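1. attaching a predicted model along with its sequence, questions to come.
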Amino acid sequence: MCGIIGIVGDYNNTNDIINGLKSLEYRGYDSCGIVGLVQNKFIEAKSISKINNLEKIIKKNKINTKISIAHTRWATHGKPSLVNTHPFIKNNCAVVHNGIIENFEYLTKKFNIRKNLIKSDTDSEIIALIFDKLLKQNIDPIKIIKQIVKLIKGTYAFAFLVKETKKIYAVKKGSPLVLGISDNFKAISSDILGLPDTTNEVIFLEDEDIVEINHTNFKIINFKNNTSKRNKHIFTPKKNFLIKGKFKHFMQKEIFYQPTSIKDTFFNYLEKKTKKIFLPKSDINFTQIKNIDFIACGTAFHACMIAKYWFEMFSNVNVNVHIASEFRHKKNINKSETIGIFVSQSGETMDTLQCLKFLKKNNIKTISVVNVFNSSIARLSDLIIPTLAGPEIGVASTKAFTSQLMALCMLLLNFQKLDNSINSKNYSDLLNTGNSIKKILHKDSEIKNIAKHLVNKKSIFYIGRGLMYPIALEGALKLKEITYKHCEGYAAGELKHGPLALIEDNIPVIALAPYDNNFLKILSNIQEIKARGGEIITLTDKLGYKKIKKFSHSTLILPDTKSYSAPIIYSIPVQLIAYHLAVFLGTDVDQPRNLAKAVTVE
Ligand code: F6R
């Protein structure tokens, strides 16, 4: 899949275009190019190496434009070469394209385009030729777009730069495109990572939306010529992630950011109208995958554990989960029909990176789920799935973890499916996750009271079953890491095999107990703990509350969940308990002792 960016503003925005391209580089980097309009002339630059090289060419040729479109290419039709590099410029228009036009030969004939005009091997150049031909017939650009795209078979996101109108037009079907809005510019990009940091609002465009932008205005219409109303979402510039704002700590800010990061990650891969999932393209043939090795460290490892449960519930793939520092010493690895999936916030964790190199050496295809999309792990993997959590500053991972879960969920829902659409049940479950998180954040003071109660406890336990077991581990890790208190996470059914010996009067046990298939079993475990004097703190939902309240010292009622949303939603109170307890204990919440944000040692 390729990356598209276009900006029209009242300032020279070439730097923003370059930064945008760098952010989109994970979508493909076989070649890249830009075209801008300067004094009514197209000025272009292209490179068949990385964006850094294009940047050098731009600087050398002093290219500065207020309106331009650019592209980073993942080659499908035609090898990486300058002649196959987008944008394609034909007299009065320039075009960049993401997707595949299956019937480009038919379009060539239909619009009577002479073969000698076609210089590249791509399926995209023909669109520029047709567009130019119709412009010469004085047809309005929007009408031209409608005329062309109605005939296209395949998926596409296009951006067109038209000399005469000095506007950028864009249209999409099956490939992602967002619109960035600011007072002094409008921009389109393949995802929000590509938008300038000064963007105020963002619109996730839907299939068959046609957009027209100049620096003051934008217009979205559909194929029937009706104006399309789309929700605007607040855009968070990167620099805003680096200040605490109204929050006391970065960790607190990052916990409260989760309704946004979850939504951003969801909509980065999901087309609202068709409910189809679109992951970046790669040459991995998912239909042939029989085994997955998930590899990560710490919190990211817990995300992998949840992914294992999901894959085992909903697919026929054989899944193994490995702690990176252990996997590195493995002698025998499964090589056939296998992929390695690496999950990492920083994308720099040394153990995870070394495992990636090890699999690559063994010719195993690799996917990385990373929050830093130009990190070492991202750059080395065959497919990058960014989590759109924004920079995470607090050492304890919070929003990156839940975004990892959302991204892994999208990967699973798309896995081995020929038709990449998700059913309405899963769609609404995931769509509502952001709102459910907001509801929990409103219960912050209730959660703070739970934390207060833990201040003088010498030891704390988390228990969970199924999808809640990794969350129990995560809750315990978070708590240890920032409060320095002893805390253990256990699979609830495992207590009786040893750790139950540690339960005595008033030892707090936090039970993660949504009313799911495991509920009655964890209820029995809770009674076993209660019988030994343990103090039960329950995180459950309304139905669970009715059955569990009589055994609980205190209960937090959470929104109802389903299999995909449950681990994301139960992560939030677990993070907040650790956070408030750390604040009560006066530890350094954002930079706990002995730890670092990116662990680049083995
Ligand atoms: C815990 C935490 C760590 C990281 C681990 C891996 O809150 O943040 O356990 O999850 O060090 O780091 P990444 O995800 O950067 O590979």
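-> Thanks, I have it.
2. for Ile148, helix, strand, or coil?
-> With DSSP: H, G, I helix; E, B strand; the rest coil as the basis, the three-state label of Ile148 is helix.
3. if we ignore the residues flanking it in sequence, what's nearest it?
-> Ile130 (5.7 Å; C-beta to C-beta, 6 or more residues apart in numbering). Heads up, the C-betas are built off the backbone N, CA and C, glycines and all.
4. in stretch 54-69, which residues are buried?
-> Leu54, Glu55, Ile58, Ile63, Asn64, Thr65, Lys66, Ile67, Ser68, Ile69 (16 or more other C-beta atoms under 10 Å).
5. so how far is Tyr570 from the second one?
-> Going back to what we said before, that points to Glu55. 44 Å (C-beta to C-beta, to the nearest Å).
6. and what of the last one?
-> Relative to Tyr570, Ile69 is positioned 44 Å away (C-beta to C-beta).
7. again with Ala75
-> Between Ala75 and Tyr570 the computed distance is 43 Å (C-beta to C-beta).
8. ditto for Leu520
-> 18 Å.
9. neighbour-wise, which of the two wins?
-> In terms of neighbours (other C-beta atoms under 10 Å), Tyr570 is the more surrounded of Leu520 and Tyr570; the figures are 26 against 10.
10. Provide the secondary structure category for that one.
-> helix.
11. with the one 3 residues further on instead?
-> Reducing the assignment at Pro573 to three states with three-state DSSP gives helix.
12. got the residues of this protein near the ligand?
-> Contact residues, the chain versus the ligand (C-beta under 6 Å from any ligand atom): 297-300, 344-346, 349, 352, 396-397, 477, 481, 598-599.
13. just the buried residues of those residues.
-> Going by neighbour count (16+ other C-beta under 10 Å), the residues of the chain next to the ligand have 297-300, 344-346, 349, 352, 396-397, 477, 481, 599 buried.
14. for Asn112, state which of these is nearest.
-> When these are ranked by distance to Asn112 (C-beta to C-beta), Ser344 comes first, at 51.8 Å.
15. so where's the stretch 351-500 of the chain uncertain?
-> The model of the stretch 351-500 of the chain has pLDDT under 70 over residues 416, 418-419.
16. closest residue of it to the ligand?
-> Of all residues in the stretch 351-500 of the chain, the one sitting closest to the ligand is Ser397 (3.4 Å; C-beta to the nearest ligand atom).
17. name the nearest residue to that residue, sequence neighbours excluded.
-> Distances taken as C-beta to C-beta, 6+ apart put Thr299 closest to Ser397, at 4.3 Å, once the chain neighbours are dropped.
18. for the ligand, give me its nearest residue in the stretch 101-250 of the chain.
-> For the stretch 101-250 of the chain, C-beta to the nearest ligand atom, closest residue to the ligand: Phe250, 12.5 Å.
19. mind jotting down where the strands sit in the stretch 1-150 of the chain?
-> Assigned strands in the stretch 1-150 of the chain, in chain order: 3-9, 31-38, 41-47, 67-73, 88-90, 93-101 (criterion: DSSP state E, counting those that start in this stretch).
20. in JSON lines, list these along with mean pLDDT.
-> As requested, those are exported to JSON lines (pLDDT from 0 to 100):
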{"stretch": "strand 3-9", "mean pLDDT": "96"}
{"stretch": "strand 31-38", "mean pLDDT": "95"}
{"stretch": "strand 41-47", "mean pLDDT": "95"}
{"stretch": "strand 67-73", "mean pLDDT": "94"}
{"stretch": "strand 88-90", "mean pLDDT": "96"}
{"stretch": "strand 93-101", "mean pLDDT": "92"}
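21. any figure for the gap between the residue nearest to Ile148 and Glu105?
-> Separation of Ile130 from Glu105 (C-beta to C-beta): 13 Å.
22. okay, the two: which has more neighbours?
-> Ile130 (24 against 11).
23. circling back to that earlier point, take the buried ones among the residues of the chain next to the ligand and keep only those in strands.
-> The members of these that map onto strands under DSSP state E are Ser344.
24. which one of the buried ones among the residues of the chain next to the ligand is nearest to Thr366?
-> Thr352 (10.8 Å).
25. settle this for me: the closest one is touching Ile323, isn't it.
-> No. Judged on C-beta atoms under 8 Å, Thr352 makes no contact with Ile323 at a distance of 9.7 Å.
26. need the overlap of contacts for the two.
-> Common neighbours of Thr352 and Ile323, using C-beta atoms under 8 Å, 6 or more residues apart in numbering, are Ala296, Cys297.
27. surely Phe223 meets Asp209?
-> No. Phe223 is beyond contact range of Asp209, at 9.3 Å (criterion: C-beta under 8 Å).
28. of the two, which one has the most company?
-> Using other C-beta under 10 Å as the criterion, Phe223 and Asp209 rank with Asp209 on top: 21 against 15.
29. hmm, the more buried one is touching Lys172, no?
-> Yes. Between Asp209 and Lys172 a contact is recorded at 6.3 Å, counting by C-beta under 8 Å.
30. the strands in the stretch 251-400 of the chain, which residues?
-> 270-271, 276-277, 291-296, 318-323, 338-344, 365-370, 383-386.
31. each with direction, which strands does the last one pair with?
-> According to DSSP bridges, the neighbouring strands of strand 383-386, each with its direction, are strand 365-370 (parallel).
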